[in-house]
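>>> predicted model and sequence follow; I will ask about them next.
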Amino acid sequence: MQKAINCCLPLVLLLFFGSCFRSNTETNTLGTGNTRQVFNFKGIEDLYRFLTYSENRVPLISAHRGGPDIDYPENAIETFQRVASKMPAIIECDIALTKDSVLVLMHDETLDRTTTGGGKVSRYTLAELKELHLKDPAGTVTNYRIPTLEETLRWGIGQVIFTLDVKRNVPYQLVVDAIRKTKSEAYVVIITYSANQAAVVHNLAPDLMISASIKNIEDLIRLNDMDIPDTRLVAFIGTSQADKNLTDLLHQHGILCILGTIGNLDRQAQERGEQVYAEYIENGADILSTDRPFQAAKTLDYYGKQRGLSSPFVN
């Protein structure tokens, strides 16, 4: 019997350590390349197909500012990774410009609220910003640093889809250049707030996907008049309950609808129960931009399983 145990022991240890090594490869270590594939896009054409409406489309979560939480700051790669490890996610993040013309992730014009620094982002070089630490939503200082857009895009390939909110005075051309340099076209949507902005982005990079503000039929007509094809659009339809006539029209054009639940609609879900997130989808939304990504994702996961929704582009 002892001999049998002695013979089995090396095998048990091998299996144990082998499982440890496997689990380590399933969790990405920042900066060492992607090891956890979430989205299976061979190229940008797959992104077009994935972001085109069909009755079998998989409802998605967009984590507002990346899904900040206790110990996890907004606009930090570590925060994005936490979200991506739990769900197929869209990560909404914000782009600012340093004194030495480097694109970094930062929502505010100033550093005071979210970092250990102070004053305007534009007055600091990248090297100076890298000395600072990010704060979580409660103001607690973390070990995390301000990432550049390039670092973020390289990390995100295969793991998330980004919607990039380009802040005032940041040239769209620099953003497009960063996307080209990192070859992340298949994982990026650029946010715009007017038909004119959408036209500027489309003229610079006609292959890239655009999030456009579409709150009525006239907004869609303006975008079409500027020769922006429906296949390059996802529609941000606002932060109040969706207008079914509008979402039906957009769906007829193959355009997915992003509903901003940030604020009032998130509060409704918190007060009435998480099933409210499924009601938003039933009423015409396809993507929920939320400050409560984990709660909303749990509801949408159940919603999708009950209806047998899946996609060949999602692991």
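Sure thing, it's come through.
>>> show me what the longest strand belonging to the chain is packed up against.
Among the segments of the chain that qualify as a strand by DSSP state E, the longest is strand 89-97. Judged by 3 or more CB pairs under 8 Å, 6 or more residues apart in numbering; DSSP states H and E, strand 89-97 is in contact with strand 60-63, helix 77-84, strand 103-105, helix 149-156, strand 161-166, strand 287-290. In short, each C-beta sits where N, CA and C put it, glycine included.
>>> how far off centre is the first one?
Going back to what we said before, that points to strand 60-63. Distance, stretch centre to chain centre, for strand 60-63: 7 Å (CA atoms, centre = their mean, to the nearest Å).
>>> in its sheet, which strands sit next to it, and in what direction?
Applying DSSP bridges, strand 60-63 is found paired with strand 89-97 (parallel), strand 287-290 (parallel).
>>> could the helices and strands packed on strand 89-97 go into TSV alongside mean pLDDT, distance to L97 and mean neighbour count?
Shown next, in TSV, are these (pLDDT from 0 to 100; distance: least, CB to CB, whole Å; neighbours: other CB atoms under 10 Å):
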stretch	mean pLDDT	distance to L97	mean neighbour count
strand 60-63	98	23	28
helix 77-84	98	19	23
strand 103-105	98	6	24
helix 149-156	98	10	22
strand 161-166	98	10	24
strand 287-290	98	24	26
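>>> wait, which of these is closest to E131?
strand 103-105 (13.0 Å; CB to CB).
>>> contacts for the closest one?
Residues outside strand 103-105 that contact it (CB atoms under 8 Å, 6 or more residues apart in numbering) are 75-76, 93-98, 121, 126, 129, 146-150, 152, 170, 174-175, 178.
>>> now the residue most central in space within the chain, which residues is it bridged with?
The residue lying closest to the centre of the chain (CA atoms, centre = their mean) is I91, at 1.3 Å. Counting by DSSP bridges, I91 forms beta bridges with A63, F162.
>>> am I right that it is in contact with F162?
Yes: I91 lies in contact with F162 (CB atoms under 8 Å); the separation is 5.3 Å.
>>> between these two, which contacts overlap?
G156.
>>> tell me which of the strands paired with strand 60-63 sits nearest to R272.
Ranking these by distance to R272, with CB to CB as the measure, places strand 287-290 first at 14.9 Å.
>>> centre of the chain to the closest one, how far?
Using CA atoms, centre = their mean, the offset of strand 287-290 from its chain centre is 10 Å.
>>> buried ones in stretch 229-239?
The neighbour-count check on stretch 229-239 (16 or more other CB atoms under 10 Å) flags 230, 232-238 as buried.
>>> now, which of the residues you listed lie within helices?
Counting by DSSP state H, the buried residues of stretch 229-239 place none of their members in helices.
>>> which of those sits closest to G263?
For these, the nearest to G263 is G238 (11.0 Å; CB to CB).
>>> for the closest one, which non-adjacent residue is spatially closest?
Distances taken as CB to CB, 6 or more residues apart in numbering place K215 nearest to G238, at 5.3 Å, with adjacent residues excluded.
>>> Provide the secondary structure category for that neighbour.
Secondary structure assignment for K215 (DSSP: H, G, I helix; E, B strand; the rest coil): coil.
>>> got the contact list for it?
Counted by CB under 8 Å, 6+ apart, K215 has contacts 237-238, 246.
>>> could the residues you listed go into JSON lines alongside distance to T52 and pLDDT?
JSON lines is the format used below for those (distance: CB to CB, whole Å; pLDDT from 0 to 100):
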{"residue": "I237", "distance to T52": "17", "pLDDT": "98"}
{"residue": "G238", "distance to T52": "21", "pLDDT": "97"}
{"residue": "L246", "distance to T52": "18", "pLDDT": "97"}
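>>> nearest to C257, of these?
The closest of these to C257 turns out to be I237 (CB to CB; 5.0 Å).
>>> and the closest one, how close does it get to H133?
37 Å (CB to CB, to the nearest Å).
>>> circling back to that earlier point, out of the helices and strands packed on strand 89-97, nearest to S184?
Nearest to S184, of those and by CB to CB, is helix 149-156 at 4.2 Å.
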